[in-house]
Every structure is written in structure tokens, then in C-alpha cells.
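A.B. asks: Provided below for reference: sequence and predicted model.
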Amino acid sequence: MAGTWSGAGSVTLDDGSSERIRCRATYHVGGPRMTMILTCASDAYKFNLAADVQAEGSAVSGNWSESSRNVSGSLQGRGGGGNFQVVASAPGFNADISMRTTGNKQAVTIRADSQFRGASITLSK
């Protein structure tokens, strides 16, 4: 997973509108620890997600932040072999994040309970 990935997808907002987005992700992996920076943008929408996670067996935990909205919180879930299922939490915000990596392709799905309802992104290395 280490390295830079890029691709496209869509973001869905609470009013039901959907926009195409372009994304770039950078992963740094060292032992049981991984850091990630995911930046996505459309003509009218942008988010900058950073995460720092650590694995203990198949359990994954860590912290995340989204700089354009100044929100941060914790991550908890399961993962391994490039596939992760985590819940990102902060006061007033919860999101399910799924990441599946196969070879040089990666699918990221985010489902949230806020004005940002979700995103579906496909990245390539």
C-alpha cells in the first residue's frame, strides 16, 4: 500500500446531490503503523483527510483529522493485507470507512451521518 495513489469518484451530500471528485492518497507504512493523507476535490467541494493508525493483530486503531473543516477524532476497526473496515468518530460525527486493495487498484468507500453523506473512490498506483 505504501506510495502515492490517484483516481476519481463521487461524493454525496446531505441534500442528495452528488459530485465527481478527483483524489490523491499517500500512504507511509512502517511495521504495524500506517499514515495516510487523502485529498479529494471537485469544482465545489474539497476534503483533506489524514489518519495515523496502528495494527495489533487484525485490530486497527488510531486518530484522524479533516483539515478543511477542522474536525478530528478516533478510528477503530479491523484490517490487514491492504483491506480495512473502520469507524471514524468525532463529536457529532460517525463514518464507516472501507478500503480494499488488490494489486495496484484500491477502492475506498465512506458512509457518514453528517452533511457529508459519503464518497466512493477508485484509486490506482
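C.D. replies: Sure, I can see it.
A.B. asks: could you give the mean pLDDT of whichever strand or helix holds Gly9?
C.D. replies: Using DSSP states H and E, Gly9 maps to strand 3-13. For strand 3-13, mean pLDDT rounds to 93.
A.B. asks: how much distance is there from it to the middle of the chain?
C.D. replies: Taking C-alpha atoms, centre = their mean, to the nearest Å, one finds the center of strand 3-13 at 9 Å from the center of the full chain.
A.B. asks: other SSEs contacting whichever helix or strand comes after it?
C.D. replies: With elements assigned by DSSP H and E, the helix or strand that comes after strand 3-13 is strand 18-30. With contacts taken as 3 or more C-beta pairs under 8 Å, 6 or more residues apart in numbering; DSSP states H and E, strand 18-30 sits against strand 3-13, strand 33-41, strand 116-124. Where you see a C-beta, it was placed from the backbone N, CA and C, and this is true even at glycine.
A.B. asks: Including mean neighbour count and distance to Ser89, could those strands go into CSV?
C.D. replies: Formatted as CSV, those follow (neighbours: other C-beta atoms under 10 Å; distance: least, C-beta to C-beta, whole Å):
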stretch, mean neighbour count, distance to Ser89
strand 3-13, 16, 20
strand 33-41, 18, 17
strand 116-124, 18, 14
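A.B. asks: To Phe47, which of these lies closest?
C.D. replies: Ranking these by their distance to Phe47 (criterion: C-beta to C-beta) puts strand 33-41 first, at 5.6 Å.
A.B. asks: Show me what the closest one packs onto, helices and strands only.
C.D. replies: strand 18-30, strand 46-56.
A.B. asks: who's in contact with it?
C.D. replies: Where contact means C-beta atoms under 8 Å, 6 or more residues apart in numbering, the residues beyond strand 33-41 that reach it are 1, 9, 11, 21-28, 46-55, 108, 119, 121.
A.B. asks: same thing with stretch 10-19?
C.D. replies: 20-21, 40, 42-45, 47, 114-120.
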